[in-house]
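Engineer: the following comprises the amino acid sequence and a computationally predicted model.
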Number of protein chains: 2
Amino acid sequence: MENPVINALVSKADIEHFSGLGVKVVHNEEQLDAKYNIDALGKYHGDAQVALFPTSTLQVSNILAYCNQRGIGVVTQGGNSGVCGGAIAHQGEVILCLRDMNKVRDMDVISGVLVAESGCVLEDLDNYAQKQGYTVPVDLGARKRCMIGGNVSTNAGGLRYLRYGSMHGNVLGLEVVLPDGRILDSLFTLKKDASGYDIKQLFIGAEGTLGVVTAVAISLAPKPKASQLAVLGIPDFSKIQRAFVSARQNLGEIISAFEFWEKRCNELVVEYEGYDSPLSNSHEFYVLIETRGSCLRHDMEKLDGFLECLREEDLIDESCAIRDAVEMEKTWLFRSQMARAHSKSGHMHVYDFSLPSKYQHELLVAVKSHLVAAGLYGKPGLQVSDVTIFGHIGDDNIHLQVIAKEFGGVVEETMEPWVYEWVGSHGGSVAAEHGLGSHKGQFLKHSKSPLLIETMMSIKQLLDPKNIMNPGKHISRA
Amino acid sequence: MENPVINALVSKADIEHFSGLGVKVVHNEEQLDAKYNIDALGKYHGDAQVALFPTSTLQVSNILAYCNQRGIGVVTQGGNSGVCGGAIAHQGEVILCLRDMNKVRDMDVISGVLVAESGCVLEDLDNYAQKQGYTVPVDLGARKRCMIGGNVSTNAGGLRYLRYGSMHGNVLGLEVVLPDGRILDSLFTLKKDASGYDIKQLFIGAEGTLGVVTAVAISLAPKPKASQLAVLGIPDFSKIQRAFVSARQNLGEIISAFEFWEKRCNELVVEYEGYDSPLSNSHEFYVLIETRGSCLRHDMEKLDGFLECLREEDLIDESCAIRDAVEMEKTWLFRSQMARAHSKSGHMHVYDFSLPSKYQHELLVAVKSHLVAAGLYGKPGLQVSDVTIFGHIGDDNIHLQVIAKEFGGVVEETMEPWVYEWVGSHGGSVAAEHGLGSHKGQFLKHSKSPLLIETMMSIKQLLDPKNIMNPGKHISRA
């Protein structure tokens, strides 16, 4: 599977066949290159000659049956907001874009279970859910662009994992087209189900390598009646962790996010996005806390008590509670634009790790030293201008950014595989919520055992024996 | 796989081999029959001649490697509290009892992740967690007897699924011994992990048919600072559902359980367990609501407001809020003893379904009519004395009890497959939280498609090609 033999050439007859299925086909090179052959950060470039836009599960089934028989590789694409190249066709595969499968199929207002097609944009789906008194239990910076099928396929974690948990818990059912075109109807809407192996779980986080997720049944959370934010200025990393433990104790059931970023991240958003800093003074670290509850008066009392507690324990230098809707939105935008601000400041090498909390700050120190020792960082004019971390404290998920003059090259060679080895040897995972994509499969061995990788490989072989689904990506033994 | 050829005869040489591994071996027939060859309800009887009690993962590995090579079937047993025969050795398999693997291996007080061996009793584990400021996110009536490995292997749902969600979301890692003895180390403690297929999910709910779960890493929930109960008397089923929607709106983030039972269940607990009814008057339906929060004053205000709301909307005839710890425990005991009270009143045929809420009460009506039409129920002295439902409204999980003069026989023939067909054709699942066990695999086809069952079968074939793990149980194409 490491060196898949796939038929990268799509012939005129193939295109005619796809058109004959009633599927919209785009094979204009310019259009493909501008929208479908490049990723969100402009790092990964593909060479697909054809993109297909099915409008039904049956069309997807017909497309896959044909591609499987012909040995044509298929890369599924949703909002194309990924940052690991997972949705880019590097080997001339056909792009199967699900953006036109964007209907809500069902919504049960008593149980709060929503059934939606994969091409529904996350933000649209949340707006829909909110009108019914619910909220989608996953949210991330790319919400205006990413689609629910992609969220499931990358096992997206996002900003409120701390409160709502993982896709593996919230997704109740999936409709999946298998690589040979058969439709696996697992679109159940029941919360408890102990009847057989939970096959759908395999497709959560499979990044389109086992089949195409065409619809999702997801258990929604009740829409909060009250929400508020607090931003904290914190002088050192260990105090962030103490503040987190205190938050879980004091805010209990109402805490819904606990994000952090460091000084340089704050400066970049101010500089490149033109936003005001959420605090008056400059701090080594910033924390953004959100609560979601059913009674603002209760929640305010809890938050004020918590902030008082932090001050008494001397954990913060500044704090600010935000209850005005416009100000809250601005503050979330500040956090959401962090990745974009980084990418505007240079070529961003982004790493997405899960790491036990005790090693998170140590990672940053180690990376900086490593780059300084390699002569790439530490003085003006060198290859690397910035090394930063931000992320989700509650989930042990940190994003490491290395901003360089160019993609790849000496920076990538210096960082990799070194940083993956470091993370693996400190009990971390080489991919937390962005997925493995086209590049990170080779580092999987640093966080997963040979037997576990072998088992993954055998599942891939079982479900996609002709290896047409996103070939050469995701898992690898290498 | 439907008709497994396994070596049911365990020879003297085999027993000597197991002893030589340093494993405790029980092969006294009387002892086996009294404790390991009979299930919790006394319905299923096994004929194992040998039970093994390993104390380490390595011992489990050695046992499985040997059994796999010899073709000896293995039935894993924990607390043996199951009610579907899943842990009973019907074909002379070896019983692998994990009760002596009962250590807590690790507990991270910052992240709240607990790593425990499979033989830890659920209640003991929760007591341990509570001392560290956390609570185990699954709880069920059998808490004093069931073990965490069995909870995972049966995908237990329990009383607080509504609040804490499923095993698929809360279990972060598993250590599993594969049927050939290899140890699959997937015992991760990271919350977000998108590096490869989530293989451990396959073992959650596999009922010991794919390997032996020897240790579990589970994300704990913060221990609530405040808890309270309310019991409601409700005149008809539709009002229960309206009360549930109102509870989610009014109690929001603090609701942790929403249980219901009908009049006859209440009477049985009073009659056979000697408990006082939690309400003064008799009602068609009873609802038990629990809140768990971080401020009792806030939570009391929310609960009182909610009860007021129910009265205004004329949804309840009686209500009672309970805040005294002793009274709360008594009330939970009343609910927990429901299954036992039923089984004392006769031979209990228990069914465990997930069913869309709109069909739940209809099921009870249909079952009663069906049994009346068959001449089995409706008059004193007939085969069936009682037909009842109780369950977890928030999870669409209902338990149906048919109390008869004997197990099996005409009652079972009349009920099955009819009731499974009924549930399947109304969008339900034939097993919600009790598992498929030794009997229900044949009814799987009523809630899962042929392709889905075929995919499950191929996973079984992949991981247990010699079919030694719990042979003849769980899934079936039949």
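Structural biologist: That came through, no problem.
Engineer: for chain B, what's the nearest residue on the stretch 151-300 of chain A?
Structural biologist: The nearest approach of the stretch 151-300 of chain A to chain B comes at residue A:169, 2.0 Å away (C-beta to the nearest C-beta). All C-beta spots, glycine's among them, are computed from the backbone N, C-alpha and C.
Engineer: quick one: contacts for that residue?
Structural biologist: Residue A:169 sits next to B:165, B:166, B:168, B:169, B:170 when contact means C-beta atoms under 8 Å, 6 or more residues apart in numbering or on different chains.
Engineer: same check on residue A:17?
Structural biologist: Taking C-beta under 8 Å, 6+ apart, we find residue A:17 in contact with residue A:66.
Engineer: now do it, the pLDDT please.
Structural biologist: Model confidence at residue A:17, given as pLDDT, is 96.
Engineer: and it, how far from residue A:69?
Structural biologist: Distance, residue A:17 to residue A:69, by C-beta to C-beta, to the nearest Å: 11 Å.
Engineer: which other residues reach whichever strand or helix holds residue A:411?
Structural biologist: For residue A:411, the element it lies in under DSSP states H and E is helix A:409-415. Identification of contacts with helix A:409-415 by C-beta under 8 Å, 6+ apart yields A:349, A:351, A:367, A:370, A:371, A:374, A:376, A:383, A:384, A:402, A:404.
Engineer: close to chain B, is the very next helix or strand once past that helix?
Structural biologist: Sequence order places helix A:418-425 as the next helix or strand after helix A:409-415, per DSSP H and E. No: using C-beta under 8 Å from any C-beta of the partner chain, we find that helix A:418-425 stays clear of chain B, coming within 10.1 Å at best.
Engineer: elements contacting whichever helix or strand comes after helix A:418-425?
Structural biologist: Downstream of helix A:418-425, the first helix or strand assigned by DSSP H and E is helix A:450-463. Under the contact criterion of 3 or more C-beta pairs under 8 Å, 6 or more residues apart in numbering or on different chains; DSSP states H and E, helix A:450-463 touches strand B:183-186, helix B:450-463.
Engineer: please identify the deepest-packed of those.
Structural biologist: Highest mean neighbour count among the helices and strands packed on helix A:450-463 (mean count of other C-beta atoms under 10 Å in any protein chain shown): strand B:183-186, with a mean of 20.
Engineer: distance from the chain centre to that one, please.
Structural biologist: Its chain's average C-alpha position is 25 Å from that of strand B:183-186, according to C-alpha atoms, centre = their mean, to the nearest Å.
Engineer: who in the stretch 351-478 of chain A is up against chain B?
Structural biologist: With C-beta under 8 Å from any C-beta as the criterion, the stretch 351-478 of chain A meets chain B at residues A:354-357, A:392, A:394-397, A:427-436, A:440, A:444, A:447-449, A:451-453, A:455-456, A:458-460, A:462-463, A:474-475.
Engineer: buried members of the residues you listed into ChimeraX, please.
Structural biologist: Per 16 or more other C-beta atoms under 10 Å in any protein chain shown, the buried members of these correspond to this ChimeraX selection:
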select /A:354,355,356,357,392,394,395,396,397,427,428,429,430,431,432,433,434,435,436,440,444,447,448,452,453,455,456,459,460,463,474,475
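Engineer: coming back round to it: could the helices and strands packed on helix A:450-463 go into CSV alongside mean pLDDT and distance to residue B:271?
Structural biologist: Below are those laid out as CSV (pLDDT from 0 to 100; distance: least, C-beta to C-beta, whole Å):
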stretch, mean pLDDT, distance to residue B:271
strand B:183-186, 96, 47
helix B:450-463, 97, 42
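Engineer: how about those in a markdown table, adding distance to residue A:41?
Structural biologist: A markdown table is the format used below for the helices and strands packed on helix A:450-463 (distance: least, C-beta to C-beta, whole Å):
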| stretch | distance to residue A:41 |
| --- | --- |
| strand B:183-186 | 31 |
| helix B:450-463 | 36 |
